[in-house]
Structures are given as structure tokens and as C-alpha cells.
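Engineer: Structure for the following, please:
(chains A, B and C)
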Amino acid sequence: MIDPAIVIIVLYIAAAFCLLGKKIRKGNDVVALLAIGFALLAVVLNYFYLPLWISVPGVFGFAFTINGYTNLIALIATFIGFLVVVYSVKYIEHRGSSYSLFVLLTIGSLIGMAYSWNLFWVFLFAEVATITSTFLIAHHLKSPSFEGGLKYLSIQIFASLFVVVGLGFIYQEALASGYSGIGAFSIDFLLSSGLLTGFIGKFSLFLIFLGFLVKVPSFPIHTWLPDASTVAPASISTLLHAMMIKVAGMPAFLILLLFHSLFVSINFWLVICSLGILTMLICVIIAFAQNDLKRLLAFDSVSQMGYVILGMGIGGLAISFYDITTDPVWLVVAAGGITAGLFHLLNHSLFKSVLFFSAGAIEHETGTRDINQLGGLLQAMPKTGYVMLIGSLAIAGVPLLNGFISKWMVYNACISAGQPVFALIAIFTSALTLAVFLRILCSVFLGNSPGTFEGVHAAPRSMFTPSLLLAIGCILFGVFPQIAILFLILPATTVLLPVAITPPANPLFWVSLDLFLLGTLLIIGLIIGYLLYRIKWGATPSEAEDKTMPFTGGTLKDPYLKVEEARPASTVFSYPFRSLLNGVRRSHTGLVNMYILWFVLFAVLMLSLLIVGWI
Amino acid sequence: MATLFDYLLIITFYFAAIGLAFFFSWGAAWVFRKLSARLQARKGPPAYQPIADIIKLFGKERFIPRLANKFLYTLSPLVALSAILILSFMIPPGTPFWPGPLAFDLIVILYFSVMFSLAFVIAGWASGSPWGKIGASREVAMILSVELPLAIALLIPSLALARVGSGFSLSITDVIAAQEGIFIWFLPNWFLFHYPLASVALFLALLTKSWMRPFGDIPEAEQEIFAGPLTEYGGPLLGIFELARLFRFYVFTALFVDLYLGGGDGLIFPLNLLVFLVKCLVIVIIMTIIHVASARYRISHAFKWFLTVCLAFAVFSLIRVLVGF
Amino acid sequence: MMGLMSWARGKSPWIAVLHAGGCNNCDIEVLDVLTPRFDVERLGVLWKQNPRHADILITNGCVSKHSKVFIKRIYDQMLAPKKVVALGSCACTGGIYVEGEGRNVEETHTIIGGVDKAIPVDVYVPGCPPKPEAIIQGVAIAIEKLKKGD
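Structural biologist: Below you'll find the model as predicted:
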């Protein structure tokens, strides 16, 4: 086991080295790869709880803990970070030394945040990651990049105010009880000392929750993510979507679930679940109307985080029911909900990285992100196309891919907790997600090339391999989800539960499905079809030059060939939601003041509900 | 984990289920065409017609269009067939004759039915035909419009189990078991009588899923866009698609019968299968009559119907389930 | 196997109707065979306006220079085995639109003659327009040829 402090120090030192090695670009890459490789090795070793052999006890007063939860989050952060660094080698051209520097600083801070078990350090690392990633978002040094970066920074800093105020309240309480120093923010200390009781404790934790909820992001305060990730380079969008929002957002639910004794109200958890529902439904409908590939993916990302919020909310709801009834059945429901949420978190970082890596490869090769201009890329970039196909089907929840399992667990958790309405809306969202991704696939990869992409060729290997690796992960976790659940998710779930539970006989909880058998049957079906297709039934093919031309009623000229360039118009799909979309379009003004106003209104609403005592 | 023997047993049952579904669908497809013909005062085709069509398609030449993506063009009919075969295994014929490691779970059934439609969308786009693309877009629009009422109406019997008192379960087996007995007077304890509006919503959704008018043939509208997603298909691949579409007569009717018409009514062996098949046939006949009697609607009409009327029906029943009256 | 296939081909001929040019009367007459009085669906005939799906192409009308390319292309796009029925006098010979007798017609400045000038024809059904019974008989002969394969 390697002390996380060492990992972070190594990453920071490597970042500093990148600043020195300004002249040698290759040197930057090597240093970054070595450092992140070491970090990955260390995090994986930590996973097996090997005896401690490298440690710097308390050098900087970092308060790191290694348990199931921190391991999971750190593994996601480091693994995706590693792939991002690999991807950047070919993707980012014309960079100064600053790119590697800030990437390493961001990843290092996020790993530190993942391992920290102290609210102060969580906050500090979150701030470092926010500031460094702002430079990454503005990497292109153009006007829209600055705009996106500044929007990101201002909303994040504004959210941090809430965290600061919450931490201040906690420190005041600690001082009043005679404690001082950073140790007063330690989660273990706060849990064991009973410092946070009553309204002040609840209020301060809720402020911290609101601060971190911005980073998840949840519905009324989601606007920074699409703005930032559209202008950022694709590697940085991946970093934002697959690591940042997970590592920096999960503390919100960590504190809610760990300090559950303060949040016992059922209404409170219903509000959290409703936030999840609103997030997933509204953002996926907004995603319909997008024509920018990365912006579409970003809105869909927010929508997918709704599933995580919903899973966590169901977990908390079930714990509240357990507090009331002390029926151990509710504990299982809680474990199921939290497991589902965390599993979807993991899965989302897998398939969303695939999608962003592929989107980056497309932009790199064709120079555009506009869905309506792209087309027929499956001929030019077949590998990227098929990998993106797997990622899209996984995110849409097609059976035997990982998104299906985690979504299914979320539905089951909802229904078991007696909230089938949430499950039904989540199912509907899943269908909408499918339609969104079919639009991407059909427009970008299938269909005909508009003819402007003659010179497009496959992406470089270092840009393709990371997404291939993740796509294989999608299939692996889809067929054998037990592996992920048993080794990665359940240890994290047990940390978040108030009472230790005996591991359920079925690691997938209600999912009594033998996915391997299902896969076997699916493949048997495919084989039956293939045999029917291949059997020599006896018809000699006719020879004609026009035989393979598309059937257009005979003509190969204009009006019908125009139809060939057809692509699924977003208007067909978004027709039923047109009034909602118009409202959304009018409200998304792009003004950061407006977005902060939304956040303030939302916070005021939530806080007044809290003060009134309804939640 | 199941042993190898269990696996072999399940695979045997899988083939048995496919056989049952195939022969029923054959008969039902003939009833569909014959009844359509009789309703139009025609003679109609003989009983072997559905299968002769498919065999003939396998006897034509194999080809791949120039603009098609070869891999997806070939794969999508196989996926459609595979998905519908799994569906016909996972929807039990009235009584669960085979053990359920697949649990006959309703959400899995919902997802596989989407996968079945998905194969047509991919087929339409991969074939490189303008008509295929238009048809595929329409198919996506139909998935969107149908999905919400379908999901709600599918899950209502399962949610209502708690009312009946047999605990929460998403398994069709439990839904069938809960429908035994008498409701009031002589009416059986079917969910049709408990939640008639939800059953109407489900019926319309399944009607659409099985390509029947008034909404179902919007994606393939042959007077407008030839055969929609299947325009560029021909020969064996079209044969596989037609074979997969043949199974719709079993899958979607059996789903309705299991969920809302009591399945096999808990009778002894030969009777329950018989009762189940008769019910399925009645549903096929009703679907045929609606199909023949109605014209095709526009897509916007389909949206309007499913997202207002059907959704209202389903949500009303859902509220009844949740509140309990 | 071949016996089964031959049987299936005979029992399930799907048709596509192609109007090449001329007065359109035969085109309308084809619709009659689908009506209750004649009902060709009892022979397994399905009306598929898509050459990819069809086994028998029923062409009517004379071939103009303009439509020759289209007819050729649509014929090419049908999958083997396939048969062609030329329906009506115009499709058989060019009819009143060309000069000369029998097969030895002269092209005019727009019309080149019967359908067999563009694509190989298997069955000729004369008449202006042919009676529905004649159309059905023509299709039946095409079915017999279809059974033998290609």
C-alpha cells in the first residue's frame, strides 16, 4: 500500500517538472505518463490493502483514509486520468508546457480529494482542481474558451462560498466545544464526537451539500457543464465528465449519507430523488435540440448523473424508513439504491469517456463538431465508429451492456422503495437517451458522406486505444456485472451505510438474471439467423451494374438524391416537447449572472424549506 | 451459478418455446391475412402462405447494396431475430412451463422489445436507402411515443401485486398467479377488469409495436416510403426480418394475455395452454379488425394519441394503483 | 430442398408494377385483379411496389427513350430469380405509338417500342387493355417459369 500523499506529491512534482522541461515536448509526455502510471499502480495496490510499505506519516497533515469508498472514487479518477494523459499525447498539438502541468495538477488534486476523509481537505483539493481545470478549459485561448472557462470558474467559486460558510459554522461549533485545528473537520471525528447536532449541524452540512451539488451537477445549476465542456479540448471534456463531476460531486452525497442521523426526514430524501428525476428528464430533452456533438454529450451527461442522484436518494430514503421501522428489509433496499447509484457512476465514467474520446477523434480528423455537417464516417473511421456504437448503446441501456444493469438496478431500487413513479420516469428517460444517441449514430456514422471529408482517415492509435479499452470494459461489466459489484461497488456501499449489513446472497440485489445465460441465448439466436443466411439455398446472383445502387424509383438524379443526404432531424423527435424546449431555450440565456441567480433562487428555496422544517 | 446441466435444460426449453411461438405465429399470421381478406370480401390466402413467403425469400439471391455498411446491414436482421426469440422465451405461455433463471422480468422484456425496434432503425440507416432513413426516423419517433404509456401499463399489474397481497415482484409469473379466482359475480380476477384503462393503453401500444394500423405501420407506410427501413433489403436477410416479424403475433399478444387476461388461469396442463392460445387468438382477431378498419395516422397524431390519451389512461390507472381505490 | 424451394416460389410471387409510358389504362386494369372479384392474394400474390422485394415485374406501356434507363435500372435492382410480364399491346410491341407490324417496328423520335427492347421479357399479355382474367393467366404462366428457377 502506498500512501496517497506520495501519489499526490509525485504528481505535483511531475507537474513542476513539466514547467521546467519547456523546450522538450516529448519530455513532458514521458514525465506525465510516468507520474500518472505510478499513480495508477499505487491506487491499484491500495485496492488490495497490502501491508503499508511507503508512507509519509502526517508530513503535510493530509487526512487520507483508505476504505472501499475512497478506493472506488480514486480508482475512477486515476484510471480515467491515465487514459486522458495517453489520449492527449497525440490529441493536443501546439501546447506549451502548461497543458501537462495543469492536467497533472488537476488529476493530482482530484486523487487527493478522493482519498481525503476530512471536509477541509476535500474543500481545498476541490478548489485547486477547479482553478487548474479552468486553465485547461480555456486551453484554446480563444474568445469562446475564455468565456466557457470564466463561466465555469465563477459558478464554481460562487458554489464554494456555500461550502466555506458551512465549514465556518462547523468550526464555530468545534471551537465552542473546545476543539480546534483542521482535525475538527475530520469526518470520523465529526461522526464520533457528536459535534453536529440539531439545526446548526444540519444547516451547515446542507450548505456544504449545496456547494458540492453544483459540481455533480444537478438540474437548476447544470449550466456550467455544457458551456465548459463544449469549448474545452475533448480530453479535458472527458476529464470533466468522467472524473471531475464524480470525484468533486460525490462528497455531496457522502456527507448526506454519512451524517444521516441529521437528515432523517422522508421529505428531504423525496426532494433529492425529485432533483434526480428533474435532472435526468429535462436535460435529456434539452439534449435533443443540440446540434453540437460535444454539447449534446454534455447535456446527456447531466441527465445520466440524474440516475446517480436518484440511486443515492433512494438509498437515503430507505435508510430513513429503516430508522422509522427498524425493518432490515429497508437496509437491503438502501444498499441496493446506493449500489445502483455508484455502479451507474462507474459505468457512466466508462461510456462517457468512450463517447468523448470518439467525439474528440472526430473533431480532430474532420475539424467540425456539427452533427448536421458530419456524415458517413463509418467508412472513413470504422474503428472509432464501432467503439462509439458500443458506447452509445451502453449509455442507452441496451441489454448485455453495462448501462442496462445499473439502470435496471436503479429501477428496482425505486420500485422496492415504494416509488414506482420515479422508476417509470427513469425508464422513459432511458428511451429518450436511446433516441438521442440514435440521432448521433445515424447522422455522424451511418448515412452518406457529404463529400467534404474525403481525406479523413482513422484516428491515431493512441487516441483510439483508450476508448477501445473502455468499450471492452462496457461489455465486460455488462455480461459479468458481478465482478464490478463485488470487488468495486459493494465495499464502497458498506462505507456509506449506517449499519453494517451482511452481503446479500445475490450481489445484484433484485436482479435475478443470469446475464451469461442471456448472452448465450442471444448468441444462439444470432447463430440461428446466420445459418439461415449462409445456407446455400440455390439462386445464382444476377449480374448488373446498377443492381447495388439504392432504389430510388429509377432515377439517380437530384430530388431523390437530396433525400439520401437526409438525417434524422431533431425536430421529429423533439416535436412532443416543443413547448417545453421553447421555454428552456428562452431560459438558457448564456449569461452567467442569470445562472448564478438560478442557483441563488434554488438555494433560497431549499434553505427556506429546511428552515421551515419541511425537509 | 447454475450448472452446465441447468444451462442445457434451459437451452432445450428455449428451443421448445421458439417452436411453440413459431407455430402459433404461423397460425395467427394466417388468421390475420385470411380475416383481413374476408373483411374486405376477398378469398384470402391459404394456410401455408406465411411460411411460403419466408421460404421463398431464403431462395433468392444474397446481395449487399453499394451504399450500405456491410457489417451493420447484415447484423441488424440477426439482432432483430435474436431479440424476438429471447422475447418469445421470456414471455411464458400462460403458465411458466420452464424454470425462470431469466425471471420473466418485465423490465427486461421492455428493454428487449426496444432492442427489437432498434434493429429496424439501424437497418434502415445502415442500408443507405433514402426510404430506409425516413422509415428509421419514423421508427425512432414511434419508440418515443409508445415507450412511456407502454412502460406504465406494463408495470401496473406488477405494482398492483402489493394490493392483491402477494408482495412486490416484477416477474410475470407472479402477475399470472395473482389473477386466479373470481373478481365479482362471474367475472374472473383479471387485471383487465381491475384496470381497464391501463389495458386499453397497453393494447394500443402493443398494436403499434406489432405494425398494425392505425399507428403501427407509420414507419413502413408502403404507399409513401415503399417498405421504410426494409426497402433496401431483399433475399435471405429480408427473410430473416420477415421471420422475426412473424413472431410478433405471439410475443405481443402473449404479453397482453399474461398481464391482463390471466394467462392460463391456473388450470391443469393441456387446458391452460389451450385457454392461453385461444385468448391470444382472440387478441389477434381484435387487432386484425382494428388494423383493417382504420387508416394510417400521421406521426404527430401518434404522438398526440400516445402522449395524451394513452398516457392519461395509464397515469390514471397508476394513480389508482398507488392510492389504492 | 429444391422441391421445397420450387413450391415456395410458386406459392409466393410478389409483384411490382411498372408503368413505362403510354396511356396508363393497363396500370389501372392491374388494380382490378386485387379487388374482391378476382383477389390474386389467394394465389399468394402480394403487391410490393419495391423491386428489391418483388419476384415478378409487371410492365405496361411502351418504352420511351426517356424511360428506358429507368426500366433497365429497376429490372437490375430486382433479385434473382425474377420474371417479367409485358402487359398490354404497348408493352408487347409498342402498340399504336410506333409504326410497323409485329416485332419489326420502327422507332419514332421518342418511343423505341415494346418492353423487350429494354429488358428480357418472359410473358406477353396482349390486349388494350387486357382483361383481368388475362392478367391473372399471364401471372400464372410467369409463376410456372419462376418455379423452374432461372
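Engineer: As a check, name the ranges of all helices in the stretch 151-300 of chain B.
Structural biologist: In order along the chain, the stretch 151-300 of chain B carries the following helices (DSSP state H, counting those that start in this stretch): B:172-177, B:191-194, B:196-209, B:222-225, B:236-246, B:248-260, B:269-293, B:299-304.
Engineer: could you dump those to TSV with distance to chain A, mean neighbour count and mean pLDDT?
Structural biologist: Glycine gets a C-beta too; all of them are placed from N, C-alpha and C. Conversion of the helices of the stretch 151-300 of chain B to TSV gives the following (distance: least, Cβ to the nearest Cβ, whole Å; neighbours: other Cβ atoms under 10 Å in any protein chain shown; pLDDT from 0 to 100):
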stretch	distance to chain A	mean neighbour count	mean pLDDT
helix B:172-177	12	22	81
helix B:191-194	16	21	83
helix B:196-209	12	24	90
helix B:222-225	10	15	77
helix B:236-246	5	24	90
helix B:248-260	13	27	90
helix B:269-293	22	17	89
helix B:299-304	5	17	83
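Engineer: low-confidence ranges in the chain?
Structural biologist: In the absence of a named chain, chain A is used. A:1, A:21-26, A:50-61, A:93-97, A:447-455, A:503-513, A:538-539, A:553-574 (pLDDT under 70).
Engineer: that answer is for a different chain, and I need it for chain C
Structural biologist: Applying pLDDT under 70 to chain C picks out residues C:101-105, C:149-150.
Engineer: How far off centre is stretch A:320-336?
Structural biologist: Taking Cα atoms, centre = their mean, to the nearest Å, one finds the center of stretch A:320-336 at 28 Å from the center of the full chain.
Engineer: same thing with stretch B:234-251?
Structural biologist: When C-alpha coordinates are averaged (Cα atoms, centre = their mean), stretch B:234-251 and its chain have centres 13 Å apart.
Engineer: That one close to chain C?
Structural biologist: Yes. Stretch B:234-251 reaches chain C (Cβ under 8 Å from any Cβ of the partner chain) through B:Gly234, B:Gly235, B:Leu238.
Engineer: still on that earlier bit, could you export the helices of the stretch 151-300 of chain B as TSV, including distance to A:Asp370?
Structural biologist: Converted to TSV, these look like this (distance: least, Cβ to Cβ, whole Å):
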stretch	distance to A:Asp370
helix B:172-177	45
helix B:191-194	49
helix B:196-209	33
helix B:222-225	27
helix B:236-246	33
helix B:248-260	38
helix B:269-293	42
helix B:299-304	25
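Engineer: Quick one: closest of the ones you listed to A:Thr326.
Structural biologist: Closest of the helices of the stretch 151-300 of chain B to A:Thr326 is helix B:172-177, at 27.3 Å (criterion: Cβ to Cβ).
Engineer: name the helices or strands packed onto that closest one?
Structural biologist: Applying 3 or more Cβ pairs under 8 Å, 6 or more residues apart in numbering or on different chains; DSSP states H and E, we find helix B:172-177 packed against helix B:106-126, helix B:130-164, helix B:248-260.
Engineer: still on that earlier bit, which among the residues of stretch B:234-251 next to chain C gets closest to chain C?
Structural biologist: Within the residues of stretch B:234-251 next to chain C, proximity to chain C (Cβ to the nearest Cβ) peaks at B:Gly234, which comes in at 3.8 Å.
Engineer: Just give the number of residues close to that closest one.
Structural biologist: Neighbour count of B:Gly234, defined by other Cβ atoms under 10 Å in any protein chain shown: 25.
Engineer: what number of residues lie near the closest residue to A:Phe123 other than its chain neighbours?
Structural biologist: Residue nearest to A:Phe123 in three dimensions, not counting chain neighbours: A:Val163, with 5.3 Å by Cβ to Cβ, 6 or more residues apart in numbering or on different chains. The local packing of A:Val163 (other Cβ under 10 Å) involves 25 other residues.
Engineer: thinking A:Val163 is in contact with A:Phe206, fair?
Structural biologist: No. The pair formed by A:Val163 and A:Phe206 falls short of the contact definition of Cβ atoms under 8 Å, at 11.2 Å.
Engineer: looking at the helices and strands packed on helix B:172-177, which one has the lowest mean pLDDT?
Structural biologist: If the helices and strands packed on helix B:172-177 are sorted by mean pLDDT, helix B:130-164 sits at the bottom with a mean of 82.
Engineer: Now do it and helix B:106-126, the angle between them.
Structural biologist: Between the axes of helix B:130-164 and helix B:106-126, defined by axes from the mean of the first three to the mean of the last three Cα atoms, to 10 degrees, the angle is 180 degrees.
Engineer: Give the helix, strand or coil label for the residue minimising distance to the centre of chain C.
Structural biologist: For chain C, C:Ile58 is the residue whose C-alpha lies nearest the centre (Cα atoms, centre = their mean; 2.2 Å). The three-state label for C:Ile58, taken from DSSP: H, G, I helix; E, B strand; the rest coil, comes out as strand.
Engineer: roughly how far apart are it and chain B?
Structural biologist: In this view, C:Ile58 and chain B are 17 Å apart by Cβ to the nearest Cβ, to the nearest Å.
Engineer: Could you tell me which residues of chain C lie near chain B?
Structural biologist: Near chain B, when you scan chain C using Cβ under 8 Å from any Cβ, you find C:4-5, C:7-9, C:11-12, C:14, C:35-36, C:39, C:41-42, C:44, C:46, C:48-50, C:52-53, C:55, C:79-81.
Engineer: Out of those residues, which are close to chain A?
Structural biologist: C:Met5, C:Asn50, C:Arg52, C:Leu79, C:Ala80, C:Pro81.
Engineer: Mind putting those residues into TSV with neighbour count, secondary structure and distance to C:Gly88?
Structural biologist: Supplementary listing: these in TSV, determined by neighbours: other Cβ atoms under 10 Å in any protein chain shown; DSSP: H, G, I helix; E, B strand; the rest coil; distance: Cβ to Cβ, whole Å:
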residue	neighbour count	secondary structure	distance to C:Gly88
C:Met5	20	helix	32
C:Asn50	23	coil	22
C:Arg52	26	coil	25
C:Leu79	23	coil	26
C:Ala80	19	coil	26
C:Pro81	23	coil	24
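Engineer: farthest-separated two in these?
Structural biologist: With distance counted by Cβ to Cβ, no two of these lie farther apart than C:Met5 and C:Asn50, which are 21.7 Å apart.
Engineer: Could you pull up the contacting residues of A:Leu167?
Structural biologist: Remark: with contacts taken as Cβ atoms under 8 Å, 6 or more residues apart in numbering or on different chains, A:Leu167 is in contact with A:Leu119, A:Phe120, A:Phe123, A:Phe185, A:Ser204, A:Ile208.
Engineer: Heading C-terminal from the host helix or strand of it, find the next helix or strand.
Structural biologist: In this structure, A:Leu167 is located in helix A:143-176 according to DSSP states H and E. Along the chain past helix A:143-176, the next helix or strand (assigned with DSSP H and E) turns out to be helix A:187-193.
Engineer: quick one: buried residues of that next one?
Structural biologist: Counting neighbours by 16 or more other Cβ atoms under 10 Å in any protein chain shown, one finds that the buried residues in helix A:187-193 are A:Ile187, A:Phe189, A:Leu190.
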